[in-house]
Every structure is written in structure tokens, then in C-alpha cells.
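A.B. asks: no letters, just coordinates:
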């Protein structure tokens, strides 16, 4: 997101007002539009914080996932499931991380069809530096205190659960 002067009004509330006048109840439209806009704001903010570390949010998430594993390595298929990404996207992320020396591919010891992705020492160091940067600014989540952030997570979790995102 490029810096710009804020609008003198909330465009989502304006759209909701017009929606109500011309189409019908606007509560759901306003909520969905707000979530989409906040997602754009947060992704832009986090990507800007991660850029000096040579990472995007997707690559950062992959490094964090690998550090959360017991061995620092996971099958690519498992990475895709946990990150909720298509296999092609996981391959692209791993390709970029490997090109930067942050991960390496290694053969699976018991399944010749599978490849493991292992975080390198440089990958762990980069992930730790990036984590300090994003946590120092609260991942760009401004305007809500801790309790409100927890409430937001709970509410969005209900939407995700209802959509079948998890059991």
C-alpha cells in the first residue's frame, strides 16, 4: 500500500449507506468489505516490514512453520496442508527460499516419492530477525488492544470454521 492522504470519510460506511438505500440490508456487505480492506492493509504493512529481510509474508510463514516442527523439516505436502496452499504455490515458495539459502530439499528417508524441506542455519537466523521486526510493530495490527485482537481472532475463527477451514 502506498502512503496516501486518508479520505475525509469512511468509504465502506458510505457504500453501506448507499447499499441500504438501493439494494437492502448492508451489514454483511460492510463486514466483508471491511475484512477484505483490512487484509490488504495488513499484508501491505507486513510485506513492507519483511522486505528488508528479503522475505514476503508467504515465505516468512514457511520459515516459521519449519521452525515449529520438531526436526526443522517437513514434507512439502505437509507444508501445503498447514499453510493451506496449493502444491504449486508451496513449490514456488520453497524454490525462492532455497535460492536464498534459507532452506534445502532433502530426500525423505522412508518415502522415495516425498521430498523434505529443511530450514538452514541462515534460514533460522533470517526468520528470527524478521520475527523481531514484525513483532516490534505488532504485525501492523494497530487500533486494537490485546483483548480486542483476541475477540477478532475468535469471531473470524467462527467464520473460518463455518466455511470448513478446520474441524
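C.D. replies: Received, thanks. All values reported here derive from a predicted model rather than from experimental measurement. Residues are numbered from 1 along each chain as shown.

A.B. asks: excluding chain neighbours, what is closest to the residue most central in space within the chain?
C.D. replies: Note on the chain: the residue nearest the mean C-alpha position is residue 57, at 5.6 Å, using C-alpha atoms, centre = their mean. Closest residue to residue 57 apart from its sequence neighbours, by C-beta to C-beta, 6 or more residues apart in numbering: residue 46 at 5.0 Å. C-betas here are computed from N, CA, C, even on glycine.

A.B. asks: for this structure, longest helix please?
C.D. replies: Criterion DSSP state H: the longest helix present in the chain is helix 27-50.

A.B. asks: which strands or helices does that helix pack on?
C.D. replies: helix 11-22, helix 57-68, helix 121-136 (3 or more C-beta pairs under 8 Å, 6 or more residues apart in numbering; DSSP states H and E).

A.B. asks: if we can go back for a sec, the residue nearest to the centre of the chain contacts residue 43, correct?
C.D. replies: Yes - with contact defined as C-beta atoms under 8 Å, residue 57 counts as touching residue 43 (6.2 Å).

A.B. asks: in three-state terms, label the closest residue to residue 152 other than its chain neighbours for me.
C.D. replies: Distances taken as C-beta to C-beta, 6+ apart put residue 144 closest to residue 152, at 6.5 Å, once the chain neighbours are dropped. Judged by DSSP: H, G, I helix; E, B strand; the rest coil, the three-state class of residue 144 is coil.

A.B. asks: for residue 102, find the nearest of the helices and strands packed on helix 27-50.
C.D. replies: For those, the distance to residue 102 is smallest for helix 121-136, at 3.5 Å, taking C-beta to C-beta.

A.B. asks: which residues does that closest one contact?
C.D. replies: Under the criterion C-beta atoms under 8 Å, 6 or more residues apart in numbering, residues 46, 49-50, 52-55, 60, 63-64, 66-67, 72, 97, 100-103, 119, 140 lie in contact with helix 121-136.

A.B. asks: now these: which count as buried?
C.D. replies: 46, 49-50, 53, 55, 60, 63, 66, 72, 97, 102-103, 119, 140 (16 or more other C-beta atoms under 10 Å).

A.B. asks: now the residues you listed as CSV including distance to residue 31 and pLDDT?
C.D. replies: Below are the buried ones among the contacts of helix 121-136 laid out as CSV (distance: C-beta to C-beta, whole Å; pLDDT from 0 to 100):
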residue, distance to residue 31, pLDDT
46, 22, 95
49, 27, 96
50, 28, 97
53, 33, 97
55, 31, 97
60, 28, 97
63, 32, 98
66, 34, 98
72, 40, 95
97, 35, 98
102, 37, 98
103, 38, 98
119, 38, 98
140, 20, 90
